[in-house]
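[1] can't give you the sequence, but here's the structure:
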């Protein structure tokens, strides 16, 4: 979601529903959105999407300031130029879209997560959206630093995106508004625009970490770093063939939190996690924390779900502050974790009265989150007992 970076939420919804232009094409210029045009882009957003789907103005400002080279506008020539449509996106290392990957921006990552494709009402059904999307994909491909483009859309727009080269992936786990969303993608090693017979030899795909490192050796330093990052991510995903443990969820323990508590060696008065902590998602089971590492604390709940996001349906709902709930406290560094992911600082989500933004904690393998939080620059890492799974074997 999302993916992260102040947390924002976006989704791909297109309102130029004519798959074949019914009127002559407009004379349109394409340029990256400047700060002065963010308000105009936001106006198009709220004209096009229902309130439960439209992003906020703060989200737009964040996207332009942090990922301006992924925020492309369609303009009628001036003077003055008039913005009539846009596409915006952020970056993620994730191979698929989740709330966290859609609500975070991770610079130098290889996956482009499109949040929105939108055209002003008076200029729809003129081929603006299809030409804007085609231009956007071409610009991304020219940069040579991305491996995939991801988006979610409603089922009725499948044909539109397939004509632009996107592959249908099925129902998305992202929940936004009342309608179901479906994920689509372009992999640049297989990308061919509709009707384009030109063939491009796909790049080598690394099968091991060693191959991934070797594939970056023939480029400049900055290009090499970007390529190695993308290659390593793909290689690590492919190399993870181990059997996945099944996580036992909090609610399955009849004794509640008492069944999950063990004693700290040499410090019996401090209750700790009795079992290894895992990602709760079925089929993931990523190993997050070893048993005996986290201290149990009963303390006030924290509103860590970003206000721009609907609740994550796979995770337990926490009580509203200041009501108490159960937490695992990990300190003094994130090195205590076995495998974990952090968002960039989330603007508008804080804890206590110091005003410091939170960094949200998620599964490093499937991006499920938020599982917990830490304050920016802090030495305490809090994981909600009810939002993780446990290995009791």
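    Looks like it came in fine. Since we're looking at a predicted model, the values are computed, not measured. Residues are numbered from 1 along each chain as shown.

[2] where along the protein do the helices fall?
    38-48, 57-66, 99-102, 128-143, 158-163, 209-215, 221-239 (DSSP state H).

[3] list the buried ones in stretch 48-56?
    Across stretch 48-56, burial judged by 16 or more other Cβ atoms under 10 Å covers 48, 49, 53, 54, 55, 56. The way it works is simple: take the backbone N, C-alpha and C, and place the C-beta from them, glycine included.

[4] same thing with stretch 92-106?
    92-106.

[5] and the gap between the residue nearest in space to the middle of the chain and residue 365?
    By Cα atoms, centre = their mean, the chain has its centre lying nearest to residue 101, at 0.9 Å. Residue 101 sits 12 Å away from residue 365, going by Cβ to Cβ, to the nearest Å.

[6] now do residue 261
    For residue 261, the distance to residue 365 (Cβ to Cβ) stands at 27 Å.

[7] Can you pull the poorly scored residue ranges out of the stretch 51-200 of the chain?
    175-178, 189-200 (pLDDT under 70).

[8] how does it look with 90?
    Across the stretch 51-200 of the chain, the ranges flagged by pLDDT under 90 are 51-56, 58-59, 62, 78-79, 92-110, 124-127, 144, 154-157, 169-182, 188-200.

[9] Residue 116 and residue 88 touch, don't they?
    Yes - between residue 116 and residue 88 there is a contact under Cβ atoms under 8 Å: 5.4 Å.

[10] Compare these two (neighbour count), which wins?
    The residue with more neighbours, out of residue 116 and residue 88, is residue 88; 29 against 26, by other Cβ atoms under 10 Å.

[11] Just give the nearest non-adjacent residue to that one, would you?
    Computed as Cβ to Cβ, 6 or more residues apart in numbering, the closest residue to residue 88 that is not its neighbour in sequence is residue 71, at 4.4 Å.

[12] Quick one: residues contacting that neighbour.
    Residue 71 makes contacts with 32, 33, 41, 63, 64, 86, 87, 88, 89, as judged by Cβ atoms under 8 Å, 6 or more residues apart in numbering.

[13] Put the buried members of these into a PyMOL selection.
    Listed next is the PyMOL selection for buried residues among the contacts of residue 71, using 16+ other Cβ under 10 Å:
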select buried, resi 33+41+63+64+86+87+88+89
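
[14] which one of the contacts of residue 71 sits closest to residue 163?
    Distance to residue 163 across the contacts of residue 71 (Cβ to Cβ) is lowest for residue 87, with 15.8 Å.

[15] Next up, the contacts around that closest one.
    71, 72, 114, 116, 117, 132, 133, 136.

[16] partners of it in the sheet?
    residue 72, residue 117 (DSSP bridges).

[17] same check, this time on residue 171
    Per DSSP bridges, the residues bridged to residue 171 are residue 182.

[18] Ok, residue 153 next?
    Beta bridges link residue 153 to residue 182, judged by DSSP bridges.

[19] distance of it from residue 163?
    Distance from residue 153 to residue 163, by Cβ to Cβ: 13 Å.

[20] what about these two, which has more around it?
    Under the neighbour definition other Cβ under 10 Å, residue 153 and residue 163 were set side by side, and residue 153 has more, 22 against 16.

[21] how about the strands in the stretch 201-350 of the chain?
    For the stretch 201-350 of the chain, the strands defined by DSSP state E, counting those that start in this stretch occupy 248-249, 261-264, 267-273, 276-278, 287-289, 295-300, 324-330, 341-342, 346-350.

[22] Is it possible to get TSV of these that adds distance to residue 125, mean neighbour count and mean pLDDT?
    Below are those laid out as TSV (distance: least, Cβ to Cβ, whole Å; neighbours: other Cβ atoms under 10 Å; pLDDT from 0 to 100):
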stretch	distance to residue 125	mean neighbour count	mean pLDDT
strand 248-249	48	16	94
strand 261-264	62	14	85
strand 267-273	57	14	83
strand 276-278	50	24	95
strand 287-289	49	23	93
strand 295-300	52	15	94
strand 324-330	51	20	96
strand 341-342	42	23	85
strand 346-350	37	19	65
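
[23] quick one: which of the ones you listed is nearest residue 388?
    Nearest to residue 388 among the strands of the stretch 201-350 of the chain is strand 276-278 (5.0 Å), distances taken as Cβ to Cβ.

[24] so what's residue 300 up against?
    321, 322, 323, 324, 325.

[25] tell me the two of the residues you listed that are most distant?
    322 and 325 (10.4 Å).

[26] list residues touching both of those two?
    Common contacts of residue 322 and residue 325, defined by Cβ under 8 Å, 6+ apart, comprise 300, 301.
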